[in-house]
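I would like the atomic coordinates for the input below:
(one chain, ligands or ions: 3)
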Amino acid sequence: MRRLRFVLGDQLGRGVSSLRGLDPAHDVVFLAEAAAETEYVPHHPQKIAFVLSAMRHFSAELAADGIRVDHVRLDDPDNTGSFAGELLRACERHSPDVVVVTEPGEWRVLEILQDLRETLPVPLVILDDDRFICSRAEFAAWAEGRKSYRMEFFYREMRRKTGLLMEGSEPAGGRWNFDVENRKPLPAAAALPKRLRFPADAITQEVIELVRHRFAHHAGSLDGFGWAVTREDALAALEEFATVALPGFGDHQDAMKDGEPFLFHGLISPYLNAGLLEPMEACLRAEREWREGRAPLNAVEGFVRQILGWREYVRGIYWLRMPDYARTNTLDAARPLPEFFWTGETDMNCIRGCVGDTMRNAYAHHIQRLMVLGNFALIAGLAPEEVERWYLAVYVDAYEWVELPNVHGMVLFADDGVLASKPYAASGAYIDRMSDYCSGCRYDPKVKAGEGACPFNPLYWDFLIRNEARLARNPRMAMPYRTLAGMTPERRAEIAEDSARILAALR
Ligand code: FAD
Ligand code: DLZ
Ligand code: SF4
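Numbers count the residues shown, from 1 in each chain. Ligands and ions are numbered 1, 2, ... in the order given. You can find the predicted model right below:
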């Protein structure tokens, strides 16, 4: 039997289910660079370059092992530009008996493949994506019958299942979660590790030129491209993180510093999501540093929690709740995305810094995404679909299964608390405590009202006032609502006036 094995751009691992049992004598591995995938949102040029270069390297590696590979390039004059068109053409070229593909990571692409079953001349077999630690079925079983899904309880199950950071049936160090020890700001004189970046080889340079020429109108720079595009280099990135940055990751996970985009973070999400690294190997590598005494438990547990907990959890929620998940808008947020999300041109230094990092590197770390950019989108009431489109476009690691729950659920609370138990809304004081952005800002985080006030201050209270009917009963919001209840009518009027002025200026 001749199988056409269709590998998508985020399935670039030798262990992916669509490649299992490959028969080099008869089978053909098929990859398609598709214009529709590069354009359905205005992806950051580095994201496109990363995906295309990693695909080309993967094809070359398979071919070097004697596997027949058919790789359609973006600039191939006959390229139809879509998965559907390219699969049909590939079936004509190879006359397979069956097409085999691993389930895509996005609902949109799953629908394309399901529709294709009607038109393809041969059966299309869609296999489970078993590159995750928790399967979709296992997550659904965990979620079954629960009134609410909380990451913490899911995470404990995953710790028990994998044995990661366990001592018998107990969590290492006697606690499941060291979150409270992950919140130290960075001392001004802290020594920061110089992070490993990868020079572009000939394949990457060719892709970069293609992308530079074809996607010149997309926001984001290609100049700082330094991502690994092979498994070998992705493993080197993991090794560098484990040995150089991991010890500092714990204390300073939530810290931000102007002009320092990488700090002690893993810088491995693009590789995990594209299949160059596996989640379990990343967790085990970090665990080894703790077991051998080179990294503290708060750092290793914090890192493992992000991958074994959050990453698996958001993927589970996505497949459990799609397609309806994307359509809710609990807080009726409708304001258009301000232009400064693309240009960084704003007097708010924290936003300017985070957008600047994003456009330079197609990367911002978690707290920048959550507590600066996301927090602003939440308290300013920006429309979920516009914010989601932006996050999906600008980050090198963005695929809908992971972007959507983080933005729709964690950041915007548009899912009525399915994912997070409360909105992550904060005033300027949080950003001031966790970063040095405010010292370079024309606004003052300590000023609560008037022209010089940090915009996050009135917007934070205005957000609580606007959404009082929905949020005041949430027990985790009791404290700010108690403070609000004690405010004078004059103070409330001041908040309304300042917020109206700030929001009007966004247009
Ligand atoms: P580290 O800080 O070193 O963390 C280690 C790993 O944990 C990451 O590589 C990632 O795989 C995983 N991880 C951490 N937090 C999360 C999380 N909340 N959800 C899922 N995985 C997590 N991550 C993406 O991979 N793609 C996205 O499109 C994406 N969009 C996000 C949007 C918003 C609004 C927020 C708040 C978070 C988003 N994240 C996303 C999660 C997180 O910000 C990134 O995974 C992280 O910044 C990647 O950098 P790192 O490898 O240096 O991570
Ligand atoms: C994100 C992306 C981009 C930019 N380009 C391609 C591509 O040319 N070919 C491809 O197979 N995949 C690409 N991707 C990833 C897809 O948009 C989508 O996220 C995955 O198919 C989901 O599994
Ligand atoms: Fe951001 Fe406000 Fe600080 Fe300026 S003062 S950097 S706007 S938090």
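
and the closest residue to residue 399 other than its chain neighbours, how far from ligand 2?
Once flanking residues are discounted, residue 399 sits nearest to residue 105: 4.8 Å by Cβ to Cβ, 6 or more residues apart in numbering. Quick note: C-beta positions are derived from backbone N, CA and C, even for glycine. Distance, residue 105 to ligand 2, using Cβ to the nearest ligand atom, to the nearest Å: 4 Å.

count the residues that sit near residue 105.
25 (other Cβ atoms under 10 Å).

could I get the phi/psi values of it?
Dihedral angles phi and psi of residue 105 (degrees, to the nearest 10) take the values phi -90, psi 0.

that one and residue 37 touch, don't they?
No. The pair formed by residue 105 and residue 37 falls short of the contact definition of Cβ atoms under 8 Å, at 11.9 Å.

in the longest helix anywhere in the chain, what counts as buried?
For the chain, the helix that runs over the most residues, judged by DSSP state H, is helix 45-64. Residues of helix 45-64 classed as buried: 45-59, 61-62 (neighbour count, 16 or more other Cβ atoms under 10 Å).

ok so, going back, any shared contact partners between residue 105 and residue 37?
With contacts defined as Cβ atoms under 8 Å, 6 or more residues apart in numbering, no residue is adjacent to both residue 105 and residue 37.

picking up where we left off before, quick check: mean pLDDT across the longest helix of the chain?
Helix 45-64 shows a mean pLDDT of 98.

and residue 93, what pLDDT?
pLDDT, read off for residue 93, is 97.

phi, psi for the closest residue to it other than its chain neighbours please.
Nearest non-adjacent residue to residue 93, counting by Cβ to Cβ, 6+ apart: residue 70, 6.9 Å away. Per-residue torsions, residue 70: phi -120, psi 110 (degrees, to the nearest 10).

list the contacts for the residue nearest to residue 399?
8, 10, 129, 273, 399, 400, 401, 402.

flag every residue of the stretch 1-150 of the chain that's near ligand 2.
8-10, 32-34, 37-38, 43, 48, 51, 104-106, 109 (Cβ under 6 Å from any ligand atom).

for ligand 2, give me its nearest residue in the stretch 351-500 of the chain.
residue 399 (4.6 Å; Cβ to the nearest ligand atom).

that residue contacts residue 273, doesn't it?
Yes. Contact status for residue 399 versus residue 273: in contact at 5.7 Å, counting by Cβ under 8 Å.

quickly list what's touching both of the two.
Contacts common to residue 399 and residue 273, judged by Cβ under 8 Å, 6+ apart, are 10, 105.

quick one, what contacts the closest residue to residue 463 other than its chain neighbours?
With sequence-adjacent residues excluded and distances taken as Cβ to Cβ, 6+ apart, residue 463 is closest to residue 379, at 4.0 Å. Taking Cβ under 8 Å, 6+ apart, we find residue 379 in contact with 425, 456, 459, 460, 462, 463.

relative to ligand 3, how far out is residue 379?
From residue 379 to ligand 3 the distance is 12 Å (Cβ to the nearest ligand atom).

quick check: residues of this protein near ligand 1?
Counting by Cβ under 6 Å from any ligand atom, the chain sits next to ligand 1 at 265-269, 272-273, 303, 306-307, 310-311, 314, 365-366, 369-370, 374, 391, 395, 397-398, 402-403, 406-407, 410-411.
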